[in-house]
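J.: Quick one: sequence and predicted model below, then my questions.
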Amino acid sequence: MARGVLLVISEPVSEAKEAEYNDWYDNVHLKEVLGLAGFTAARRFQVSQQQLVSQGGHEGVTSKFPHKYVAVYEVEADDLGVATNSLNEHGRELTASDAMAYDRTVAVLLEEISSRGLAG
């Protein structure tokens, strides 16, 4: 069984749309993606104000990583292509939001090569 994560870096189109973006992402988008083949779990994160001093603190990190939000979708299937194929096939059926800056979104499928201390 192959395991991986789909890492999605995204943001709202503007600060004025941030609440709408978060509501859509949490209450619509995550549920729809989890309904697709291969996707088993999802979590969202935002950049914390607490950053390592060795990385320049919050300003040092955000100057290199200007994105505020990251979603991590866990993927598990005999072949990770199941997840990408499912997204490619059904992506147009997912509810879109005009609050999301699609042109500034990056999605990367990462295949697990090792793990330690994880349940399962």
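T.: Looks like it came in fine. Numbering: from 1, shown residues only.
J.: going forward, measure contacts between C-alpha atoms and count neighbours the same way
T.: Will do.
J.: buried residues in the helix ranked longest in the chain?
T.: Scanning the chain for the helix with the most residues, using DSSP state H, yields helix 81-90. Buried residues in helix 81-90, counted by 16 or more other Cα atoms under 10 Å: 82-84, 86-87.
J.: Low-confidence bits of this protein, can you list those?
T.: Within the chain, the stretches with pLDDT under 70 are 52, 118-120.
J.: any idea where the strands of it begin and end?
T.: Here the chain has its strands, by DSSP state E, at 2-10, 39-46, 69-77, 106-111.
J.: and the third one, what other elements does it pack with?
T.: Applying 3 or more Cα pairs under 8 Å, 6 or more residues apart in numbering; DSSP states H and E, one finds that strand 69-77 makes contact with strand 2-10, strand 39-46.
J.: what residues does it touch?
T.: Residues outside strand 69-77 that contact it (Cα atoms under 8 Å, 6 or more residues apart in numbering): 1-11, 38-47, 83.
J.: Okay, now the sheet partners of that strand, with direction.
T.: Next to strand 69-77 in the sheet, as set by DSSP bridges, lie strand 2-10 (antiparallel), strand 39-46 (antiparallel).
J.: Grab the nearest non-local neighbour of the most centrally placed residue in the chain.
T.: Residue closest to the mean C-alpha point of the chain, counted by Cα atoms, centre = their mean, is residue 71 at 2.3 Å. The shortest distance from residue 71 to any residue other than its chain neighbours is 4.3 Å, reached at residue 44 (Cα to Cα, 6 or more residues apart in numbering).
J.: ok, the one you found - contacts?
T.: Each residue near residue 44 by Cα under 8 Å, 6+ apart is listed here: 69-72.
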